[in-house]
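J.: sequence plus predicted model, see below.
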Amino acid sequence: MSGTIHIFGDSFLADWTKHKKPFPLCQDYIDWEKTQGNNIIQDVPYWMTHFNGSIAVRNFSKGGTTNESIFERFETKYDEISPGDFVVIQGTLNTRVRAMHKNGKDWWGDVIFGKGVNQYFINKIDKNAIFKYKFYEQLATERLEDKWADFLFKKINFYRKVLEQKKVNLCFISLDPSMKRYNDISSWHVGGTKGRISYISPIKDDHPSYYGNKIIASKIINFFKTGISEDLY
């Protein structure tokens, strides 16, 4: 297996070696791993090259991002993907939405709605702040419906067909429970992964430990080699 793996996702696949860590407790994971004697940062790209030294990795994943942003990055980089390459698209929670500033001109950023779409995790921002909270809350609520998952699946299917014409293999995985039936690697979703790929770490967080990153990378590489879907754990 040779070529380049192009990765598009959120904090679950993002590099840990950037100056800006992809999720709030990332440094806590790194510090804890050092106490276990792991001084090299072992994120998903690290393990991919570990399992297949002849593969190059280009990672465009970003913490806290929406599906819209993930798909946009893929479409922007499409021309840089060559025949024989591999693409990983990791969908995030469907209730993450891209919010526009109240001025109606500027995109403010990606808003992360939480359980039951009753809260969002943006520090120092309240419901009367610089984007229309109620509007985006309603939008996120609508994305809990099955029809939104079906729409995303059709979009991924389109990407898959376009990549096949280019002789490029696609692996799709999503954190959203409503997308689990469409995943190329089964059991990959919040609820299915929770406590499984981060359990070895004492950090109270759902992100994977180094060991979890190792599992994720091995399943993706094996899928590309065999075309066989496996459970994440």
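T.: Now that the structure is in, tell me what you want to look at.
J.: distance of residue 169 relative to residue 77?
T.: When CB to CB, to the nearest Å is applied, the distance between residue 169 and residue 77 equals 16 Å. Quick note: C-beta positions are derived from backbone N, CA and C, even for glycine.
J.: okay, these two: which has more neighbours?
T.: Between residue 169 and residue 77, counted using other CB atoms under 10 Å, the more crowded position is residue 169 (19 against 14).
J.: right, and the more buried one touches residue 87 too?
T.: Yes: Residue 169 lies in contact with residue 87 (CB atoms under 8 Å); the separation is 7.2 Å.
J.: find residues that contact each of the two.
T.: Common neighbours of residue 169 and residue 87 are listed as residue 163 (criterion: CB atoms under 8 Å, 6 or more residues apart in numbering).
J.: okay but residue 182 is in contact with residue 153, surely?
T.: Yes: in this structure, residue 182 sits in contact with residue 153. The criterion is CB under 8 Å, and the distance is 4.8 Å.
J.: next one: phi and psi at the closest residue to residue 230 other than its chain neighbours?
T.: With sequence-adjacent residues excluded and distances taken as CB to CB, 6 or more residues apart in numbering, residue 230 is closest to residue 219, at 5.5 Å. Main-chain dihedrals, residue 219, degrees, to the nearest 10: phi -70, psi -40.
J.: what's the burial count for residue 219?
T.: Using other CB under 10 Å, residue 219 has 22 other residues around it.
J.: pLDDT value on it, please?
T.: Predicted confidence (pLDDT) for residue 219: 90.
J.: for it, give its distance to residue 5.
T.: Relative to residue 5, residue 219 is positioned 13 Å away (criterion: CB to CB).
J.: shared neighbours, these two?
T.: Shared contacts of residue 219 and residue 5 (CB under 8 Å, 6+ apart): none.
J.: next secondary structure after the longest helix seen in the chain?
T.: When every helix of the chain is counted residue by residue (DSSP state H), the longest turns out to be helix 146-165. Downstream of helix 146-165, the first helix or strand assigned by DSSP states H and E is strand 169-174.
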